[in-house]
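Trainee: Need coordinates for the below:
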Amino acid sequence: MQVASILAGEQTVLVTALLLVVCMGLWASGIVAEVVTAMLFFAAAMLLKLAPASTVFSGFSSSAFWLVLSGMVVGLAITRTGLGTRLARSLAGRLSGSYTGFVAAIVTLSFLLAFVMPSNLGRIALLIPVVLALCDTFGLEPGRPGRHGAVLAVGLATPLLSAAILPANVPNLVMAGTAETQYGLHLAYLPYLLLHAPVLAGVKGLVLVAAIVRLFPDRMHPTAAEEVGTMPSFSPEERRLTIVLALTLAFWVTDSLHHIAPAWIGLTAAVICLLPRVGVLPAEAFGAVNLRTCFYVAALLGLVAVVNETGLGARLGHVLLGVAPLEPGASAQNFGVLTVIASIFAVAVTANGAPALYTALAGEMSRASGLDLASVVMIQVVGYSTLFLPYQAPPIVMAMDLGRVPLRSATILTIVVGLASLFVIAPLDYLWWRALGRFP
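Mentor: Residues are numbered from 1 along each chain as shown. Sure, this is the predicted structure:
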């Protein structure tokens with residue numbers, strides 16, 4: 001009986017690994033639509049009984065799913081009321097210089113907003129409509145490389161650069177929560193910021209701008225700023241939406257005081273936007289919301305949950321740990337190996353799932369490398385913020401969908417930035433850590 005149970009467990013792990021490879025391959029290649037792969041995962045996981053329904057469909061109960069959905073409703077409201085165009089035109093005069101300056105300003109704004117708004121997906125929902133309106137103002141019409149570059153500037157800067165700010169994204173919170181629960185390790189805001197921000201945000205931001213300008217070259221309309229003209233007065237819908245957005249942002253910024261998750265704040269804002277008379281959208285406008293991305297996020301999170309529950313994630317981690325060349329005293333080598341391990345986890349279970357898997361193995365990796373536990377835990381930030389494919393971060397997928405950016409364009413950019421992060425940013429980060437006295 002016990003042998004049969006073990007064999008059944010082994011079979012479940014193997015089938016889960018196969019399903020993981022198939023789903024990730026389809027999402028990465030774009031051979032079929034993301035929603036088709038999502039439905040394939042749900043159907044296969046349930047038919048093959050890989051995990052209980054509560055695990056397979058756990059993505060639908062996650063805050064990320066509801067934040068994506070509410071973000072799309074709010075983004076639709078910003079676009080349809082004309083508030084996005086108004087905000088864009090108010091910024092147009094300040095951003096009417098070069099295309100490079102425009103992209104750099106978007107990347108900078110995406111990073112700075114992370115200090116006051118803790119949700120990646122919420123920031124995407126807020127910024128993309130404004131950026132699209134700015135693109136219209138500067139003559140970057142749909143289909144233009146510059147429009148794709150501007151959207152991807154928000155899409156990549158939001159999850160990548162916010163990794164340098166402790167409470168600003170989901171992977172950081174997963175890492176901090178797991179480290180505290182498992183090892184009693186408490187991460188402080190300012191030391192974390194000092195350790196990561198100069199290289200992971202500053203230098204990587206410059207790399208991102210350079211990559212976008214090179215891969216998506218374009219020129220802004222030279223007279224765009226002159227054509228802005230005087231905007232009409234606020235409509236009643238714009239006034240109501242402005243109040244809703246201001247209150248939403250205020251609750252997001254003060255989440256440490258009231259402890260209401262950003263997802264439920266965003267969902268409340270979406271409901272208000274759809275209420276008759278009070279809101280700004282008719283109820284039938286919900287039909288314009290693209291639910292494909294929501295299903296994709298739910299499937300992605302469900303797949304990660306299945307991988308963890310079947311034990312595949314732990315096995316993958318131990319296999320990597322068994323072959324990883326970790327040596328006491330070789331700080332540079334250990335830094336590189338641990339960064340690669342975290343990057344591989346992010347490919348296998350996405351950036352949101354990687355911290356839970358990596359942190360669970362941090363104690364063993366600390367003993368094998370001779371590095372202190374806090375350093376081993378912190379190194380993973382360099383790894384899971386090194387992304388090679390869009391599916392690894394739901395915010396990138398959401399930005400692509402809202403901005404109508406082709407998967408091929410986003411994939412090329414993530415690969416280029418990922419390789420630069422691995423071979424340029426990571427070594428610079430190691431040197432910065434040495435300068436701070438982390439390594440001898």
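
Trainee: So what does Ser385 look like in phi/psi?
Mentor: Backbone torsions of Ser385, given as degrees, to the nearest 10, read phi -90, psi 10.

Trainee: residues touching the closest residue in space to it that isn't next to it in sequence, list them.
Mentor: If you skip the residues right next to it in sequence, Ser385 has Ala163 as its closest partner in space, 3.8 Å away by C-beta to C-beta, 6 or more residues apart in numbering. In this view, the C-beta of every residue, glycine as well, is placed from N, C-alpha and C. With contacts defined as C-beta atoms under 8 Å, 6 or more residues apart in numbering, the neighbours of Ala163 are Asn169, Pro171, Asn172, His196, Leu200, Ala201, Val381, Tyr384, Ser385.

Trainee: Mind checking what helix or strand follows the least confident helix or strand in the chain by mean pLDDT in sequence?
Mentor: Per-element confidence for the chain was summarised using mean pLDDT, DSSP states H and E. The lowest value among helices and strands belongs to helix 83-92, with a mean of 71. On the C-terminal side of helix 83-92, the closest following helix or strand by DSSP states H and E is helix 99-113.

Trainee: in that next one, what's buried?
Mentor: Tyr99, Phe102, Val103, Ala104, Ala105, Ile106, Val107, Leu109, Ser110, Phe111, Leu113 (16 or more other C-beta atoms under 10 Å).

Trainee: List the contacts of Val424.
Mentor: Contacts were defined as C-beta under 8 Å, 6+ apart; by that measure Val424 touches Val203, Val207.

Trainee: let's see it at 7 Å
Mentor: With contact taken as C-beta atoms under 7 Å, 6 or more residues apart in numbering, Val424 is in contact with Val207.

Trainee: and what of Ala125?
Mentor: For Ala125, the contacting residues are Gly71, Met72, Val74, Gly75, taking C-beta under 7 Å, 6+ apart as the criterion.

Trainee: 8 Å instead?
Mentor: Residues counted as contacts of Ala125 (C-beta under 8 Å, 6+ apart) are Ser70, Gly71, Met72, Val74, Gly75, Gly266, Met398, Leu402.

Trainee: I'd like these as JSON lines, with neighbour count, distance to Val323 and pLDDT appended.
Mentor: Conversion of these to JSON lines gives the following (neighbours: other C-beta atoms under 10 Å; distance: C-beta to C-beta, whole Å; pLDDT from 0 to 100):
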{"residue": "Ser70", "neighbour count": "27", "distance to Val323": "43", "pLDDT": "81"}
{"residue": "Gly71", "neighbour count": "30", "distance to Val323": "40", "pLDDT": "76"}
{"residue": "Met72", "neighbour count": "25", "distance to Val323": "42", "pLDDT": "77"}
{"residue": "Val74", "neighbour count": "26", "distance to Val323": "46", "pLDDT": "81"}
{"residue": "Gly75", "neighbour count": "23", "distance to Val323": "44", "pLDDT": "76"}
{"residue": "Gly266", "neighbour count": "27", "distance to Val323": "42", "pLDDT": "82"}
{"residue": "Met398", "neighbour count": "28", "distance to Val323": "35", "pLDDT": "84"}
{"residue": "Leu402", "neighbour count": "25", "distance to Val323": "41", "pLDDT": "85"}
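
Trainee: Taking the residues you listed together, which two end up most distant?
Mentor: Gly266 and Leu402 (14.6 Å; C-beta to C-beta).

Trainee: List the ones among the contacts of Ala163 that fall in helices.
Mentor: Among the contacts of Ala163, the residues falling in helices (DSSP state H) are Pro171, Asn172, His196, Val381, Tyr384.

Trainee: Looking at neighbours, which among those is most surrounded?
Mentor: Using other C-beta atoms under 10 Å as the neighbour criterion, Tyr384 leads those with 30 neighbours.
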